[in-house]
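Trainee: Requesting a structural model of the entry that follows:
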Amino acid sequence: MDVYEAVTARRTTRRFKQDALSREMLEKLVDAARLAPSALNLQPCEYIVVDDLKVANEVFKTLGWAAYIAPEGTPKEGERPVAYIVVLLNGEKCKAGGEADAAAAIENILITACGEGLGSCWIGSVDRERLSKILHIPEHCRIYSVVALGYAAEKPVLDEAAESIRYWKDEKGVLHVPKRKLKDIVHFNKY
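Mentor: Next up, the predicted model:
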């Protein structure tokens, strides 16, 4: 799959098969993140990879899932992610900001994961205080977001947005994700 195919194929996954991911694969995802653009090349991002299922279960409890379709968007037992990458901003590397760096790094993770046949979910709804305690995160680092990972056990579909951009599940449990039309958002040489 080429890069554009990965971009257009990638959808958020919230139901996962329970097959473990290799450390090699998880390191590849972090390496893709590491190579993302960074303002002033400060590289403030650091990563905690969680692949121990006991720790992963604790991480799961700190996350909010799919507000538009709650509680149906929360993975059930046996469908939860098998790994997480917790994206941190190191305050010793960058006193303020770093959010754009983290977002670029996460997009690299998501696209690489898709290209490798994995499902992923970028999660910003995090009980950061509780997760910091679980993972023993030092005070000079703050949690930006968490990326949930595993082999997808669902296949969300892309819809053209009409009046609403809210994602939804149909009667078969298939997740539908509306996206704005290209012609509605692209402007050449003027608005």
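
Trainee: Can you point out the buried residues in the lengthiest helix in the chain?
Mentor: When the chain is parsed with DSSP state H, its longest helix is helix 99-115. Within helix 99-115, the residues that count as buried by 16 or more other C-beta atoms under 10 Å are 101-115. The C-beta positions use only the backbone N, C-alpha and C, and glycine is treated the same way.

Trainee: out of those residues, who's nearest P156?
Mentor: Taking C-beta to C-beta as the measure, P156 sits nearest to C114 out of the buried residues of helix 99-115, at 12.0 Å.

Trainee: Pretty sure the closest one sits against T8.
Mentor: No: here C114 does not reach T8: they are 9.5 Å apart, not a contact under C-beta atoms under 8 Å.

Trainee: returning to what we had before: outside of the longest helix of the chain itself, which residues are in contact with it?
Mentor: Helix 99-115 is contacted by residues 1, 3, 6-7, 9-10, 28-30, 32-39, 42-45, 85, 87, 89, 94, 119-120, 122, 144-145, 147, 149 when judged by C-beta atoms under 8 Å, 6 or more residues apart in numbering.

Trainee: what's the answer for stretch 163-178, then?
Mentor: For stretch 163-178, using C-beta under 8 Å, 6+ apart, the contacting residues are 11-12, 14, 66, 68-69, 72, 154-162, 179-180.

Trainee: Stretch 148-156 now?
Mentor: The contact list for stretch 148-156 (C-beta under 8 Å, 6+ apart) reads 11-19, 21, 26, 29, 63, 79, 81-85, 113, 117-121, 123, 167, 173-177.

Trainee: average pLDDT for that stretch?
Mentor: Mean pLDDT, computed over stretch 148-156, is 96.
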